[in-house]
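Q: Sequence first, predicted coordinates after that:
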Amino acid sequence: MTDATATTAASGTLLRVAGITKVFGTLKANDAVDLDVAPGEIHALLGENGAGKSTLVKMLFGSLQPDAGTIFWKEEPVAVANPMQARALGIGMVFQHFSLFDALTTAENIALSLDEATALSTIAERAKALGDAYGLPLDPNAVVGDLSVGERQRIEIIRCLLQKPELIILDEPTSVLTPQEAEKLFVTLDQLRGEGKSILYISHRLEEVQRICDRATVLRHGKVVAHCTPANETPASLASMMVGADVAAVQRTGAGSTGEPLLEIVDLVRHAASPFAVPLSGVSLTVRAGEVIGIAGVAGNGQGELFEALSGEVLQTTPGQVRLRGKDSGRLGISQRRRAGAAFVPEERLGHGAAPGMKLSENLLLSRHRTDGKAFLGPLGVIRSGAIARSTKRIVSDMDVRKSAEDPEAAALSGGNLQKFIIGRELDRKPAIMVVNQPTWGVDAGAAAHIRQALIELARSGSAVLVISQDLDELFEISDSIAVMHNGHLSAPVPIADATYEKIGLLMGGAEPGHAARDMEVQA
Amino acid sequence: MDIAQNVILTIMTAATPLLIAAIGELVVERSGVLNLGVEGMMVIGAVCGFAAAMITGSPWMGVVGGIVAGALLSLLFGFLTLSLATNQVATGLSLTLLGIGVSGLIGESFVGKAGIRLPSLNIPGLTEIPLVGKLLFGQDPIFYLSILLTAGTTWFLFRTRAGLTLRSIGDNHKSAHALGIPVIGYRYLAVMFGGGCAGLAGAHLSLVYTPQWVENMTAGRGWIALALVVFGSWRPWRVLAGAYLFGAVTIGQLHAQALGFGIPSQLLSSLPYLATIVVLVLISRDRRLTIINTPASLGQPFVPDR
Amino acid sequence: MRPGTWKFRREGEEGVIRIELVKRPQHSAFFSAMSPFIAFGLTLVFGAILFAAIGKPPLAALYSYFIEPLSEMWSVHELIIKATPLIMIAVGLSVCYRSNNWNIGAEGQFIFGGIAGSLIPILVPGFQNAATLPLMMIMGMIGGAAYGAIPALLKTRFNTNEILTSLMLVYVAQLFLDWLARGALRDPNGAGFPGSIRLSSAAQLPEIAPSQGGAHLGIVFAVIAAVVVWFMLRSTLKGFEVRLIGSSPRAGRFAGFSAPGMVFFAFLVSGALAGLAGISEVSGAIGQLRETISPGYGFTAIIVAFLGRLNPLGIIAAGLVLALTYLGGEAAQISLGVSDKVARVFQGMLLFFVLGCDTLIHYRIRVAGRAIASAMEKS
């Protein structure tokens, strides 16, 4: 590199992006995006789900190639052909959906991202030393599949730091952390900034962006709508930049009345079914008519296992562990539980809640062939496509599902629209009991508000609603009380009036209620 | 005692093609690709090996011909499954059907001709050592190669960076792609290695085991090799143990047929196939172990975003 | 350099051209319908090249392969005889493959159908009445289904890979049939040749048009089976279950369908149809139980199933095409001296092209050229 460029780099930007465009099929994921990051700053990339943040950083890291536009690194135009090249330039990345290998050890995982061959023992030493320096302890010989989400993120960060990057890209890092863990991460980021490193921080959480970021670039529908200084903004102004129009706030009409118990979970036990699953130990909870109960928790603490147990995809060992409308249902399969008035919406939309390659009308039949068999099926199980088409149409209009064709395949819908359809498919039955796992995961703000409102209204009409979510804001918005899942245990529900972020956060970290404060001191 | 030595020798000879084909497939599956075309590549290796030896007069050229033919055929599989992302099960099956068809056509003029045997090792002084001389120093060269291949594959997979990378791709090709590892490139190489091994295994059949060309002469050995990979839980030395076990079953039933015993020969001939089923049942019973051992991305098509 | 990538240099600028797959938002109905035809066309082109390579006139060879067998009535009957087992087996396989159960042992189930179905007329040759044939057919279906149930049981009970077990059972079935035909069921008056007694006329499937040729009632069974399975897959809850479990197993479980139940359903249906094909072949085409009763129908039917795009109506057409390659092989051998082995090469090629063309249903193929930025050369 010449002296001239070195001077411009010192005085200019570390990274500059000019007119970057990326098209997938008919969707412009990025439309002439401009962005610059100065040395030693934490720069936020703000935007709601689907705004194009991940697409942009994948291009910066060489995982995707832009269709137009230029990336400047220290004011030199560069083509980042692949992640190897990005790392060589000095760009590191911490992925949102981790890029780790379950079957390999921590050290092996780190070795795979280093471009020069290094002995595993050396890697282990260096990773441990670096982890201690930044307050990110890790065990180099642990098999990654056995680790918690937080531990996995630490590996990702250490792996990134080992390459001595000048720019670190973090994609929604706090979405898998408890509030307390997030605090620790912010300390680490501050330390890195102090060392002169730049950080591109992707988030849709306004509070944390305001707290730690020096500048922000806001994306909406693939376009840059604003460059701003978060400290000079209010959460409301940032939100309206992100979302565009004001999103109607969810209306909570009246407190949850305490009706009769509709869903009772009594000392539910489940052994780990696969090597990397979480066992459930003695989960108990009652959801009454008219109330919404939220289950908070960091991903991978048994929420998926609990959902499968409640839905009947996995049966209980004794009938009394799950009771639906007062009847022992632990040995009933999912169809019978549906017939008992329960409805279920799983976390994964494509491949679990809906079949990607099947039409919406077929996906309607997926969960309702037993509850609505009379309406949808004729003799010999012949499908009545007319009746199904009418119901599909009704759900689509009730939930405002936007689609491009009359009866498209599920995979052709956006995440938000498909989720509205799946929720609508169950609401259409007016279920007495509704169990939803991550109702608005990866869903845009408008659709999320619609879904939350619908869940509250279902409860107010006399149903019992159980919402499992990693999104604390969401749970505080809609729940009447919040219980917390940690390592297969479920805490007692905390009434919303007594619930604070700190209290719930401590429970998410595994603290016993009442002893929470003391445990934190011990940990520290 | 010489009889015992000869029996063990024939067991090893019977096991060698199974071992080589299985080691090749093991590497392919460790990269996350399921190639069910082993039988087809093996039979093509057998006929091309035989043809190359007959045409050039050199059994060594036969070995080379077998390897090259197997690798070329696997490239076809690679193009479809890796570049066109077709269903691996269906494509592998069609590779077997195509291989059997093409081998019949190529081999038509060689049917019934006496072949050329690849000479066994003979080191004066050592080969004549009683009891173990022939076993250690008197076997065919491909046997020694098969042991080297087993050791080399173990070393490669668990001691080299490229081996670690290959295993990582088999575990999670999305993560590997996100890190910038050329998933498809590695898989092409693995598939071609598997094809070359299957071709070599076939050449062993037509140049060592029974030096002649008979249509369909692999007789399901490619499928047994696939089962051996599962049996060996994707570890080379365990695959070797499995291959020798099957060699013993095969040779044992042949001896039993020769001796008579009044057992129908067809029943004895079906023993290796029945043994495969029994072994598969025993090894697959524990679901948890199967999940831990099986490369997690095995058989999943992969199309990178660009 | 990645596979499928070529470097180019133009006007001093260096760049790369690569072939990329781009996922379609919805599957293409056009290519869904056209892919078998494109594949067939490609097979013809490559077939012509193959013939030219072995020194035969390509067009004449293709003519004797694909046209000549259709020019005479008796030969059309031969075509139907060959197509009958292919269609019947492939229809069953379509249920298996649609539900993601990889039964590749139809050849064994075919053989067991043939054995079980012919037990009555061989062991009780005097039993000749209106019930003989229906009983034989039912016995054949039971035999095939029972043999198909083995890999299903092993898969559901012991988690055993059904591809390997069903295939191994083919070899076992072939050896078992060989043993029967040379031993227990051999015709005592057969001069020591293997094979059972010849079936009485009451135990033989009637020909549909005896004055024209030998096609037997089996083709009617095949067409009925295809239409019934087609309707089942398209318009009933069971068919929905098959498709759902096959495409998204987890969604299938969420829908309340039983995956092990589907394994048994698929294997029993395909086993029964393969068994029916087996006894139809023995009773309609061969007339006795021999040491081999199939020239690999069970494997060729796999090609038929895919060429018919796993749609039973498409399978009828595909079965006729594949049967044509068998007959064409014989015709070309007689008229041009082309090896009859070419037929199997044709079949294999056809399947490869079908699979390749199926990619077009879900992906667009894009040729992307991109100049490597000049900045790259500096750094």
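A: Cool, the structure landed.

Q: doesn't A:I504 fall inside a helix?
A: Yes: according to DSSP: H, G, I helix; E, B strand; the rest coil, A:I504 belongs to a helix.

Q: neighbours of it, just the number please.
A: Using other CB atoms under 10 Å in any protein chain shown, A:I504 has 23 other residues around it. Placement of C-beta: from N, CA and C, glycine included.

Q: Can you tell me how far it is from A:V435?
A: Look at A:I504 and A:V435: by CB to CB, to the nearest Å, they are 20 Å apart.

Q: Touching, C:G348 and B:L98? I think so.
A: Yes: in this structure, C:G348 is within contact of B:L98 by CB atoms under 8 Å, at 2.9 Å.

Q: how about the residues of the stretch 1-150 of chain C near chain A?
A: C:22, C:24-27 (CB under 8 Å from any CB of the partner chain).

Q: would you list every one of the strands in chain C?
A: C:5-10, C:13-23, C:363-371 (DSSP state E).

Q: C:G348 and B:L98 - which one has more neighbours?
A: B:L98 (26 against 23).

Q: Any idea which of the strands of chain C has the lowest pLDDT on average?
A: Among the strands of chain C, strand C:5-10 carries the lowest mean pLDDT, a mean of 54.

Q: related to what we said a few turns ago, of the residues of the stretch 1-150 of chain C next to chain A, select the buried ones using a ChimeraX command.
A: Typed into ChimeraX, the line below selects the buried ones among the residues of the stretch 1-150 of chain C next to chain A, using 16 or more other CB atoms under 10 Å in any protein chain shown:
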select /C:24,27
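
Q: Then B:F193 would be within a helix, right?
A: Yes: counting by three-state DSSP, B:F193 is found in a helix.

Q: Tell me how many other residues surround the residue nearest to it when sequence neighbours are not counted.
A: Distances taken as CB to CB, 6 or more residues apart in numbering or on different chains place B:V27 nearest to B:F193, at 5.3 Å, with adjacent residues excluded. Counted with other CB under 10 Å, residues neighbouring B:V27 total 25.

Q: B:V27 is in what secondary structure piece?
A: helix B:2-30 (DSSP states H and E).

Q: in that helix, what counts as buried?
A: B:5, B:8-30.

Q: Show me what it is packed up against.
A: Packing partners of helix B:2-30 (3 or more CB pairs under 8 Å, 6 or more residues apart in numbering or on different chains; DSSP states H and E): helix B:38-56, helix B:133-137, helix B:141-159, helix B:161-171, helix B:183-204, helix B:221-231, helix B:236-259.

Q: let's see 10 Å
A: Contacts defined by 3 or more CB pairs under 10 Å, 6 or more residues apart in numbering or on different chains; DSSP states H and E place helix B:2-30 against helix B:38-56, helix B:59-78, helix B:133-137, helix B:141-159, helix B:161-171, helix B:183-204, helix B:221-231, helix B:236-259.

Q: so which of those gets nearest A:A103?
A: With CB to CB as the criterion, A:A103 lies closest to helix B:161-171 of the helices and strands packed on helix B:2-30, at 4.4 Å.

Q: following that closest one, which helix or strand comes up?
A: Counting by DSSP H and E, the next helix or strand C-terminal to helix B:161-171 is helix B:173-178.

Q: Kindly provide the whole-number mean pLDDT of that next one.
A: Per-residue scores along helix B:173-178 average to 92.

Q: same thing with stretch B:132-149?
A: Averaged across stretch B:132-149, the pLDDT comes to 87.

Q: show me what contacts B:N172?
A: A:98-104, B:32, B:178, B:295-297, B:300 (CB atoms under 10 Å, 6 or more residues apart in numbering or on different chains).

Q: backbone phi and psi for it, please?
A: phi -160, psi 100 (degrees, to the nearest 10).

Q: can you check the one 10 residues further on too?
A: B:P182 has phi and psi values of phi -70, psi 90 when expressed as degrees, to the nearest 10.

Q: That one against B:I169, yeah?
A: Yes: with contact defined as CB atoms under 10 Å, B:P182 reaches B:I169; the gap is 9.2 Å.

Q: so what sits against both of those two?
A: In contact with both B:P182 and B:I169: B:A176, using CB under 10 Å, 6+ apart.

Q: Compare those two and say which is more crowded by neighbours.
A: B:I169 (29 against 19).

Q: From B:E29, how far off is that one?
A: B:I169 is 11 Å from B:E29, by CB to CB.

Q: what touches both of the two?
A: B:190, B:295.

Q: can you confirm A:L315 is in a helix?
A: No: assessed with three-state DSSP, A:L315 is coil; it does not lie in a helix.

Q: Nearest residue to it in space, please, no chain neighbours.
A: A:R331 (5.7 Å).
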